[in-house]
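*Asks:* here's my sequence, what's the structure:
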Amino acid sequence: MRCLIVHNLASGPHSDEIFTFIHALLATGDEVVMRSIGEALETEEAVADARSFDRIVVSGGDGTVANVLDHLRDCGVPILVFPSGTANLYFQNVGNAPDAAALAQACRAGITAKVDMGELFWVDESGETRRHGFINIAGSGFDATIMEKAAPTKNDIGEIAYVLSALSTPEPQVAHFTIEHDGEVDELDGISCMVGNTAGIQNEINLFPDCRMDDGLIDIAVVEPTTLVGLLPTVAAAVFDPAGRGLGRPQFKTFQAKTAKITCTPSLGMQFDGEVIPNNSGVFGARVLPKCLDIIVDEFSNLRADSQE
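*Replies:* Alright, predicted model coming up:
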């Protein structure tokens, strides 16, 4: 097996574990080519010959994984996601066993599931339209504020950075969201508008209870105007009902769609997969890119392998 590993050395506290994974592959005679992305090597260059490999491993946090997978859409090569970042939410949603040796075994087996990506469009302050694929959640408002405040410390202190960031924003700013989705229009006030490709966040809580990463839809949620303390009903519902099937998400207004255009007034911060988008105009769009990735899964995965569909 010839395997390409694309790794971000600066991805977070679990970055060194990729070398245990590599050792497990080499021990059985597999060929490994490792490329570290960063200032010296751009993602596009690192994956330029990706189709010539039998397997591709993407190692990093959610931002790194989103960036690399955006370049690997429809490549047709089985892709393994290795959790090297701070939160590793995408890996959590896939649901594979996290042990490096087990991941090496799954990589060799090469059993895959076809999954979706989201695609985000936004207009920057100069009026130019920009785009990027996203794998977990993109949004505008309180979630982006949390990501922006956590950015300087997340690699050093891990997920607690997000908690401290939220606690430092007791009264999130309220905005008006105009949401055009699949021919319908909704007007809502809220502290955040999020678009999801995957459901799960930290502690195996489903933020979007009906969301699946292989359903051909994006999930949209607007969080109603409230303070940080006022979010306690939603937090309590998430703690007692992580899947969200019974108690739901009481302060969320949710939609499912294939495409959406969202206008945020006034313009608030934006993020995708934990990466902050600077200088946005408050207008963004999102759509689903159905079944564009072949993600390697094991017997513990939340996804159904292609052979089982």
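
*Asks:* all contacts plus neighbour counts: C-alpha atoms, from now on.
*Replies:* OK.

*Asks:* next up, the contacts around residue 54.
*Replies:* 1, 2, 3, 77, 78 (CA atoms under 8 Å, 6 or more residues apart in numbering).

*Asks:* equivalent analysis for residue 123, please.
*Replies:* By CA under 8 Å, 6+ apart, the neighbours of residue 123 are 129, 130, 280, 281, 282, 283, 284.

*Asks:* please redo it, this time with the cut-off set to 6 Å
*Replies:* Counting by CA atoms under 6 Å, 6 or more residues apart in numbering, residue 123 touches 129, 280, 281.

*Asks:* make a ChimeraX selection of the buried ones in those residues.
*Replies:* Buried subset of the contacts of residue 123, written as a ChimeraX selection, criterion 16 or more other CA atoms under 10 Å:
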select :280,281
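
*Asks:* from the contacts of residue 123, which is closest to residue 288?
*Replies:* residue 129 (17.8 Å; CA to CA).

*Asks:* locate the residue nearest to the closest one when sequence neighbours are not counted within the secondary structure: which element?
*Replies:* Leaving aside its chain neighbours, residue 129 sits nearest to residue 123 (4.5 Å; criterion: CA to CA, 6 or more residues apart in numbering). Taking DSSP states H and E as the definition, one finds residue 123 inside strand 112-124.

*Asks:* can you list the strands that that strand pairs with?
*Replies:* Sheet pairing of strand 112-124 (DSSP bridges) gives strand 129-134 (antiparallel), strand 280-296 (antiparallel).

*Asks:* roughly how far apart are residue 141 and residue 36?
*Replies:* 33 Å (CA to CA, to the nearest Å).

*Asks:* quick check, pLDDT for the most centrally placed residue in the chain.
*Replies:* For the chain, the residue nearest the mean C-alpha position is residue 136 (2.5 Å; CA atoms, centre = their mean). What the model reports for residue 136 is a pLDDT of 96.

*Asks:* and it, its phi and psi?
*Replies:* For residue 136, the backbone dihedrals are phi -110, psi -90 (criterion: degrees, to the nearest 10).

*Asks:* wait, isn't it in contact with residue 195?
*Replies:* No: taking contacts as CA atoms under 6 Å, residue 136 lies outside contact range of residue 195: 8.5 Å.

*Asks:* identify the contacts common to these two.
*Replies:* With contacts taken as CA under 6 Å, 6+ apart, residue 136 and residue 195 have no neighbour in common.

*Asks:* show me where pLDDT drops low in this structure?
*Replies:* 12-14, 307-309 (pLDDT under 70).

*Asks:* go again using 80 as the cut-off
*Replies:* 11-15, 124-125, 154-159, 162-163, 202-204, 246-248, 278-280, 306-309 (pLDDT under 80).

*Asks:* domains in it, by residue range?
*Replies:* 2-110, 117-290 (automatic domain parsing).

*Asks:* gap between the two ends of the first one?
*Replies:* With CA to CA as the measure, domain 2-110 spans 12 Å from end to end.

*Asks:* cool, and stretch 186-203?
*Replies:* Note: stretch 186-203 ends 31 Å apart using CA to CA.

*Asks:* list the buried ones in that stretch?
*Replies:* Buried residues in stretch 186-203, counted by 16+ other CA under 10 Å: 188-201.

*Asks:* save those residues as TSV, and put in secondary structure too.
*Replies:* Output for the buried residues of stretch 186-203, formatted as TSV (DSSP: H, G, I helix; E, B strand; the rest coil):
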residue	secondary structure
188	strand
189	strand
190	strand
191	coil
192	strand
193	strand
194	strand
195	strand
196	strand
197	coil
198	coil
199	coil
200	strand
201	coil
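
*Asks:* my read is that residue 200 contacts residue 210, right?
*Replies:* No: counting by CA under 6 Å, residue 200 does not reach residue 210; the two are 10.7 Å apart.

*Asks:* who touches both of these two?
*Replies:* With CA under 6 Å, 6+ apart, residue 200 and residue 210 have no common neighbours.

*Asks:* including distance to residue 301, could the domains of the chain go into a markdown table?
*Replies:* Putting the domains of the chain into a markdown table (distance: least, CA to CA, whole Å) gives the following:
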| stretch | distance to residue 301 |
| --- | --- |
| domain 2-110 | 4 |
| domain 117-290 | 12 |
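
*Asks:* which stretches of the stretch 101-250 of the chain form strands?
*Replies:* For the stretch 101-250 of the chain, the strands defined by DSSP state E, counting those that start in this stretch occupy 112-124, 129-134, 137-141, 175-181, 184-190, 192-196, 218-223.

*Asks:* brilliant, that's me finished.
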